Each structure stands twice: as structure tokens, then as C-alpha cells.
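[1] Next come a sequence and a model predicted from it.
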Amino acid sequence: MTLPDTPARDLPPPDTDAGDGPLVRWFWARYLRPESGLLALAFLIMVIEGSTLGALSYMLEPLFDRVFGSGSTGALWLVGGAIFGLFAVRAITSLTSKTLLARVSQRVAARMQGQLLAHLLRLDMRFFQDNSPGALIERVQGDTMAVQGIWISLVSGIGRDMVALIGLFAVAVSIDPWWTLAALIGTPLLILPAAVLRRYLRRKAIHLRNQAGERATRLDEIFHGIQAVKLNRMEAHQTARFDAILSRIVSAETKAAFGRAVLPSLVDLITGFGFLAVLMLGGREVAAGTRSTGEFMAFFSAMVLTFQPIRRLGDMAGLWQIGAASLHRIAALFGLQPSHCRPAVGQMPATLPPALSFADVHFGYGDQPVLRGLSFTAEAGKLTALVGPSGAGKSTVFHLLTGLSDPASGVVAIDGIATTDMGLDDQRALFAAVSQDAALFDESLRDNLTLGRQGISAGQIDAVLATAQAAGFVGTLPQGADTPAGPRGSNLSGGQRQRIAIARALLRDTPVLLLDEATSALDAASEAALATAMAQAAQGRTTLVIAHRLATVRSAHRIIVMDQGRAVETGTHAELLAQGGLYANLYALQFKDEGTAQ
Ligand SMILES: Nc1ncnc2c1ncn2[C@@H]1O[C@H](COP(=O)(O)OP(=O)(O)OP(=O)(O)O)[C@@H](O)[C@H]1O
């Protein structure tokens, strides 16, 4: 079933420093209000459930005074039947309210998680570089679940326990207001500890969530880098680091549990005082015969029955601090906005395939400058190569072209239109990129090729597999193109992954093709065969290729040589060799290496 759309979907998150009030209003308007029908029903049922407790203790008075006191067994069936009826009502209401609340809470958590992911996916690459996947997974999963736990307790606390308390107190007051006052004698003692605990628990809860994020990060890094862990015999080291995080979590959990348990324990103490006071006051009156045993028993049972609801409400104060810490973290994430300033309706290139150009582009990651006045043009429909030493900024060029980042100054233009004047979606639709890591998803090869697009024929898939020189090995796999790629494509070799990634890029059939070391894992023969096929495929597209093996880009229409964030040489292979500059040096070095290797 699809979730109903939230009317207040775009409600901005509150300033998370502004306290809990705005946060609660935001959570209500954005997540709970759409469920208000079901919530009201659950609340009503819980009110009925809660009021049965008062009724139950009320029934004890006729039981003691009319049945036991007068010895009339005739009323036994009546009182017994009424008490059984109350328990039956409790059974039904408890079942229904729990099921209803579970449904609402699952829907709320699902909506929160879905919206959080959609929001995070809009954020800059920088955000994902600064925040580890583990910590983000923990926020999307762990924090939303923590919030879910708290509001269920709040709703059921108010619905069931508050109503039960009101009912029980009404019974108590109706029997004797002075006894009731005596029962409440220790309550003021709760005020100061509650205020101190509030801050203590909030601090512990935030610490705990951060530690949970670290735990998830560590696990993610270990399983991601399992090969490096094993080859470098890091098992003991990684286990020790993980153990250190776990022991911090154990300590934080214990402290948080202590903080949570303090209030209910104080409630126990105060109830003890209350019992003592009532016994001293009421017990004497019953012994003296001024009050009946039935009255005392009804009052006493009302007090006993308040015990659990009061404890639960005491626990809720602590629970709120824990849930609120997560709610703050979630709202803070929703408050982040992408730094891209793109127009609502962007410009589109008139001519496809487009020319690509950089004009005096500066860009850096944080304080570290990477591109320092880069200028070059890749002609429309031609193959241009970017070469140069490692760290020169070649991959960064692809990031700017595809809008993963925007230039700090200067202009990156596609068909003469500055990328910052284009819609981000429109910009990305122009490119198919194969990056160095050739990332595949844990789906079948076919799904990895189509990426969820419908209407792609088997013939089209066969054609791109053939061009990418992948048809051969895919044909030998037991399930062909339906073979699972494994987590991050781990069922395939590096070279096979690269060929699938190239086939995927070809299938997207975009006007621009970006290849970043796309064939680095292939053997020389496969690479040469692929180069020929790709030259065919590149017809009618603007192709930008990053390559370290200069031999693979000799036939490029133009080669841009980059060094330290600038284009230091430009020309064809022959022209650059003739210049005798950086390119000629790099080429000579590689030629020597290859010559020596042979
Ligand atoms: N996410 C990042 N955060 C910080 N610095 C980065 C980031 N990505 C790249 N850099 C830095 O930017 C510089 C250029 O990186 P880039 O990947 O563009 O170089 P490259 O020329 O493609 O290198 P290679 O040939 O080794 O792939 C490097 O010094 C690198 O350390």
C-alpha cells in the first residue's frame, strides 16, 4: 500500500536550538497529523482501556461491603460478572490499540525514512564525503526508530495511563480526599531530580547516537574493505577498534539506563511514603470503625493500580529526552540544503552533441585548491583526452561537468551554456560516465545495465554488451545477463566490472560520454579491441577520456595535458610529442617502461 502524501511535506524543519516545542509541532504537522484519524481511534480505545482500571477498583467496594460484609452471595455473580466484563474490555481494547498504534508507527517511520533518503540524495557530494555511509545509515534507520519508540509511548502514556490515573484518582477522591492528599505526600520531591535528569539524559542520548553512528561506520568500513582487512591481517586491530566503540556504547547505555531508571525509582519511594501515610490515617479510621473495610480496600486497590501507570509516566520523561535527541538530529538533517544554486527552469543546449568548455575555472575541496584557472575546450562530437600526473585534477573535471560540484569561479559550459544556468537533472541527463571504480549494484547484470528503465529490448542489451567486449564472458555465466553481480559487483573481476559499466554507459545513449580510466583493469588485447569498438560507439557523441596509459589515447582528436589544476599543453599526439614538453616526457617514460617490460 502506498503511503498517503503528507500535505505539510515541505514544512521547513525548526531551528534545532530553539528547544523542544517547535520540534514537537514540526513532527506533529509533518508526520502525525496525516495519521490523525487512526491516532484518534487508537487514543479513544486507550481511553476506554485506561478507564477500566478505575472501574475495577470501584468494584471492590461493593464486593467487600455488600458481598463479604453482608454475607449476601446473591450479588456475587453480579459483581463477579462486572469484574470479568471489565477484564474482557481490557483484553479487546489493548489488542486493538496496540495493533493500531503499531500500524501508525510503522507508516510514520516509513514516511520519515523515505523522505530523509530523498532529502539526503539531493545534498552535495561534499556532504557524502564528510559523512560516512555508516553514520548516515544510522541516522536514517537508528534515529527514526528511536523517534518511533518515543511517540508511541507518549501517545499510549497520555491515552491509557493518564486516563487510568484520572479515573483512579476520581475513585480515591470520592472515597476520601484526605486519604488522597496523604497518598500524594511525597510528590514534590520529584520536581528537582526531574529537571536535573532531563539534561543528563539528553546529553547521554546524543552521545549514544553518535557512538551508534561510529559503530555503523566501523562495520561499514570493515565489510567494505574486507579484502584489505584480510590481506593486511588487520582482523585483530579492527576487532580491537570495534571493541573500544562497543565498550563506550555499553558505558553510555548503562548511564542512560541509570538516568531513565532514577525517576521510576523515585516514584516507588514516593508511593511507599503515600502507602504509609494512608495506612496511618485510614487504617486507624477503619480500626476505629468510622470507615468500612470495603472503602479502605477500594482506596488501597486504587493506589496499587496507580503504581504501574505512574511508573510508566515517570519513565516517559526519560524516554522523551532520548527520542528528542534523535528528533533533533533528524530535523538538523532536513535543515541542510544543497549548495547548488540552480534556476527553477534551466537553459538547455541547442546543439547535440554539445561542445564542453572550461574558462579560467577555479575549484577546491575545502581549503585545498585543485583546479587553478583551468581552460580548455572539448569539441562537439569529437574524442578529447585528459592526461597528466596523478592528482592533477582530471577526475574533478568530470565532477564539475556532471554537476557533482560547481566551480568556485570561472565558467564550465556545455554548448556555450554555463552549467550553473542549467537544471541539474537536465545537465546530468546529457552525460553517461564510467568512473574509476566502475560501481555496480547488488542486482542482476541486466538490472545493472538498465538501471530501472523500462522498455529496453534484449537486442539492445546484447548490442551494448558486444560493443563493450562483454558479450563473451556474460555468455559463459550460468544465468547470462541475469547473473547476480554480487555486493558492489563482487562476483565479477575488475575488468569485467569495467566492461559492464561501459555497456551501461552506452545503453544510456547520451550525447556525451565520460570515461575515467574506464579500461585500466583490462589486459592489453581486450583494451585494444575495446578501443576499436568504442571508436565506433563514440561516433555522434562528444567523448572525454581520462587515461594514464597514453598509448590508449594516441588517436584522440585533441589531448589536454593537465598539471596542478591547469591545462599546460594541448594538441594531437604528434603535436604534443613534437613540443617535447610534459606529454612527451610522460610518453617517453611509459614507452621506456613498456619497452623494458617486454
Ligand atoms: N573529495 C575530496 N576531498 C578532498 N580532496 C579531494 C577530494 N577528491 C579529490 N581531492 C584532491 O583533489 C586533487 C585532484 O583529484 P582528482 O581525483 O581530480 O585527480 P586526478 O588527476 O583525477 O588523479 P588520478 O589520476 O590519480 O585519478 C587531489 O590532490 C585529491 O587529493
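    Received the coordinates, thanks.

[2] Make sure Asp415 is actually in contact with Ser357.
    No. Counting by Cβ atoms under 8 Å, Ser357 is not a contact partner of Asp415; they are 9.1 Å apart. Any C-beta I mention is one placed from the backbone N, CA and C, and that applies to glycine too.

[3] pLDDT weak spots in the stretch 401-550 of the chain?
    For the stretch 401-550 of the chain, no stretch is flagged by pLDDT under 70.

[4] which residues of it fall in strands?
    Remark: strands of the stretch 401-550 of the chain, listed N- to C-terminal, are 409-414, 417-418, 431-434, 512-516, 542-546; assignment by DSSP state E, counting those that start in this stretch.

[5] Any idea which of the ones you listed gets closest to Thr293?
    Between Thr293 and the strands of the stretch 401-550 of the chain, the tightest spacing by Cβ to Cβ is seen for strand 431-434, at 84.6 Å.

[6] pull the CA atoms of that closest one into PDB?
    C-alpha atoms of strand 431-434 as PDB (Å, rounded to 0.1, in the frame of the first residue of the first chain):
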ATOM      1  CA  PHE A 431      26.200  12.500 -19.600                       C
ATOM      2  CA  ALA A 432      26.900   8.900 -19.200                       C
ATOM      3  CA  ALA A 433      30.000   8.400 -17.100                       C
ATOM      4  CA  VAL A 434      32.200   5.400 -16.300                       C
END
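
[7] Note down every partner strand of it and its orientation.
    Under the criterion DSSP bridges, strand 431-434 sits next to strand 512-516 (parallel) in its sheet.

[8] and the partner strand, how far from the chain's centre?
    Centroid separation between strand 512-516 and its chain, computed with Cα atoms, centre = their mean, to the nearest Å, is 31 Å.

[9] and what of stretch 122-134?
    With Cα atoms, centre = their mean as the basis, stretch 122-134 stands 12 Å off its chain's centre.

[10] average pLDDT across it?
    What stretch 122-134 shows for mean pLDDT is 86.

[11] Now the terminal residues of it, how far apart.
    Between the opening and closing residues of stretch 122-134 lies a distance of 18 Å (Cα to Cα, to the nearest Å).

[12] How about stretch 220-240?
    End-to-end distance of stretch 220-240 (Cα to Cα): 16 Å.

[13] what do you get for stretch 277-290?
    18 Å.

[14] Please identify the helix or strand for Leu208.
    Secondary structure assigned from DSSP states H and E places Leu208 in helix 191-224.

[15] after that helix comes which helix or strand?
    By DSSP H and E, the next helix or strand past helix 191-224 is helix 226-231.

[16] same for the next helix or strand after that next one, what does it pack against?
    In the C-terminal direction, the helix or strand that comes right after helix 226-231 (DSSP H and E) is helix 235-278. Using 3 or more Cβ pairs under 8 Å, 6 or more residues apart in numbering; DSSP states H and E as the contact criterion, the secondary-structure elements in contact with helix 235-278 are helix 177-183, helix 191-224, helix 293-335.

[17] So what touches stretch 464-482?
    444-446, 449, 461-462, 483, 496, 499-500, 502-504, 506-507, 526, 529-530, 533-534, 536-537 (Cβ atoms under 8 Å, 6 or more residues apart in numbering).

[18] before we move on, back to that, among the strands of the stretch 401-550 of the chain, which is nearest Ala236?
    Between Ala236 and these, the shortest separation by Cβ to Cβ is 36.3 Å, and it involves strand 512-516.

[19] Tell me what angle the closest one forms with strand 409-414.
    Our comparison of strand 512-516 with strand 409-414, counting by axes from the mean of the first three to the mean of the last three Cα atoms, to 10 degrees, yields an angle of 120 degrees.

[20] Got the confidence number for the most centrally placed residue in the chain?
    What sits nearest the mean C-alpha location of the chain, by Cα atoms, centre = their mean, is Val140, with 2.2 Å. Residue-level confidence at Val140 comes out at 91, pLDDT.
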